[in-house]
Every structure is written in structure tokens, then in C-alpha cells.
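Undergrad: Build the 3D model from these lines:
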Amino acid sequence: MANLLFNLVFLISSYLLGSISSAYFLSKLLFKKDLRRTGTKNLGASNVFLNVSKCGGAGVAVFDAFKGGLVVYLAILFNLPYFALYPAILLVILGHIFPFYLHFKGGKGVATSLGATLGLFLFGTGFPFLKIAATVLILFAVMMQYYRATLQCKELRYRRMYRLAGLAIPILYLTTTRSFVLLLLGIAIGCYLLIDVLRLSSKKLNTFLFSTFGLILKKKEKHAISASSWFLLSSLFNVLFFQKDIAILSISVFIFADCYAEVYGKKFGTIKLIGKRSLQGSIAYFLSASLIALLLVNFLALEPRFFIFAPFVSALAEQVSIGIDDNLSVPLLTAVVLSLL
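TA: Got it, this is the predicted structure:
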């Protein structure tokens, strides 16, 4: 009975801790701004960073992440059972998103989710299923942030959600055999290239396909080989010529980072770099690449240096792949460099 009561108190406390909106209080008390009426009107670190104070935004992000990590640390410290640990993590995130004293309108929960995930990685060693729980949690947070970022651009959202489906390749390679993945890739490439050849040979078919699947295709693909074909070809070469874990890391990093680079590059890209790329998009590329590399640490048998260098190498490859489809060049260049380490 005492344990049940303690668990209940811990769960309630997790929600209350999560509901502490550092973004709201910092903006209100230090800068005399009501964040609910400023910028995106979201009570999160990004709104503070963009519309109130950059230092303040960084501080809010750290505090929000700390909330998630603290709940995990205390739960493990007090030997909370799994049936209470996972709800506690969920409640601290929900508290951040739905604070009761602000009419249940808070932040996005991304930093708090990341903090909880980091806590699971740091303090959950030896606990079964925590690696999977951490991965699912952080992927949920990333996908929620991605969805929110693309709300105003339906075409971009669908195209990039379609791209994220490419994660099926590294997941299958991680859980099945090399020969099975090669067979699937061979079939997929054959189908995609056949469609490309047919549509490029027939104006009517090309027009029909773009009118039907236009939300997941770029305009430049109308008279060229599709990005999907190049990506599948790159994945095939990765699986054929490189060590398994390096191939999985190279493909996974590119898929995630490429999605976020385009989204944030279009939304905030004011400082131009090479070609159509922007500094903001490149930063988003590197950070998201680092994030997925961190997630893969516990699933791939690679030394730490590979996870450290992979985001740098992939981001650099993305910058120098001008004139070559990055769906082909970036994963391959990343795998080549990592193989030389």
C-alpha cells in the first residue's frame, strides 16, 4: 500500500515538475513579455530564442531538458517499477505541453523528451527495454517537432514523411540478413527505374504521375531520375560494399538530417552558403545527424569515434555534393570516410 501511494505521489509530482514553464516565467519576469502573445505564441525554447532572447532561449532549453532527465534519475534512484517509470516520463512531458495553470497550453515537449531520453541512456544501464523506450521516446519527440515545423507547407511535409519511410532500410538491415535486404533493394530499384524510364518516355504518363503523386515529388524530378531511385541505389551500394554497421549509420544519419535540413532551411534560412543551402539548414542537418547517431550508439557495434565523426562527415558531404544528387553521394561519401577511420 505504501509503495502504491509513493508511486502515485511520484507520478503526480512528475506532472507538476513538467508543468513548470520556464519559457513563460523567464519571458514574463525578466523581459516583461507574455510569450502567449509573442511570436508563435508557443511556450517553448524556440519561441524565446527567436522572439525574446537567444541566451534566454538556450537557458529554457536546458531547463526543460533537465526536467525530463531529473524524473528519470529520481525514478531509477528510488527503484520505481517499470509500470510507474514509463508513465512518469510521459507525465513530465505532458505537464510541459499541458500546464494546468496556463489553460493547458504549453510548449512542444521536445527538450523535455530529449532530457528524459538522455536520462534513460545515462542512468538506465542494465535495465531491460530502456534502450528501446529511449529510442521510441526521442523518435516521437522528433516526429512531433517535424510535423509542427511543416504544418504550413503540406507539400514539404508529405515529401519528407515519405523520405522518413526510407528508415525501413536500415531497420531491416539491423534486424534481418544482408541477402534479404539486397533482394528487397534490387526489386525496389528495378521497379523505380522502370517507372522512371516509362514516365520519361511518355509525357502523358509523366503528367499523370506528377498530378497524382505531386506531394511527394520535387518539380526538378519531372524530367530526371527520381530522388527515390538515387537513394535506393545509394543504399544498395552501401549494403554491398561497406561493413554492416557503417552502412546502417551512414544511411540513417542522411535520412534524418536531410529531412530537417530542408524544413529548417526553408523556414529560417537567411544566411546562404553553397548553392541553395543555408547556414540554418546546415546547422539543423548537423544537429539532427548527431541526434540519430546518439540513438544508434546502443544498437551498433562501432567504436565511439564513428558516432562522433558521422554527423561531421555527412554534413560536409552534403555541402560538397553540388552537381551530384545528394541522395546518391552523401550516404556513399559518409560510408567511404567512416571506413577509412
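
Undergrad: Start from the N-terminal end of the stretch 151-300 of the chain and give the strands.
TA: Ranges of strands in the stretch 151-300 of the chain, per DSSP state E, counting those that start in this stretch: none exist.

Undergrad: residues touching the closest residue in space to L174 that isn't next to it in sequence, list them.
TA: Spatial nearest neighbour of L174, chain neighbours left out: I248 (5.8 Å); criterion: CB to CB, 6 or more residues apart in numbering. Placement of C-beta: from N, CA and C, glycine included. I248 is in contact with 170, 173-174, 296, 300, counting by CB atoms under 8 Å, 6 or more residues apart in numbering.

Undergrad: ditto for H223
TA: Taking CB under 8 Å, 6+ apart, one finds L200 in contact with H223.

Undergrad: repeat that for 6 Å
TA: For H223, the contact set (CB atoms under 6 Å, 6 or more residues apart in numbering) is empty.

Undergrad: What pLDDT does the model give it?
TA: pLDDT for H223: 72.

Undergrad: Next one: it from S229, what distance?
TA: In this view, H223 and S229 are 14 Å apart by CB to CB, to the nearest Å.

Undergrad: In contact with the nearest residue to I97 once chain neighbours are set aside: list those residues for me.
TA: Take I97 and drop its neighbours on the chain: the residue closest to it by CB to CB, 6+ apart is G109, 4.6 Å away. Listed by CB under 6 Å, 6+ apart, the contact partners of G109 are 93, 96-97.

Undergrad: Please indicate which of those residues are buried?
TA: For the contacts of G109, a burial check counting by 16 or more other CB atoms under 10 Å picks out 93, 96-97.

Undergrad: Report the buried residues of the strand or helix carrying I308.
TA: Per DSSP states H and E, I308 falls inside helix 304-320. Using 16+ other CB under 10 Å as the test for burial, helix 304-320 gives 306-307, 309-311, 313-318.

Undergrad: Counting by contacts, list what the helix or strand that that helix is followed by packs against.
TA: The first helix or strand that comes after helix 304-320 along the chain, using DSSP H and E, is helix 326-340. The contact analysis (3 or more CB pairs under 6 Å, 6 or more residues apart in numbering; DSSP states H and E) places helix 326-340 against helix 227-241, helix 244-268, helix 304-320.

Undergrad: And those, which one averages the lowest pLDDT?
TA: Taking the mean pLDDT of the helices and strands packed on helix 326-340, helix 244-268 comes last: a mean of 82.

Undergrad: Can you get me a residue count around R37?
TA: Residues lying near R37 (other CB atoms under 10 Å) number 7.

Undergrad: scratch that, F299 is what I was asking about
TA: 17.
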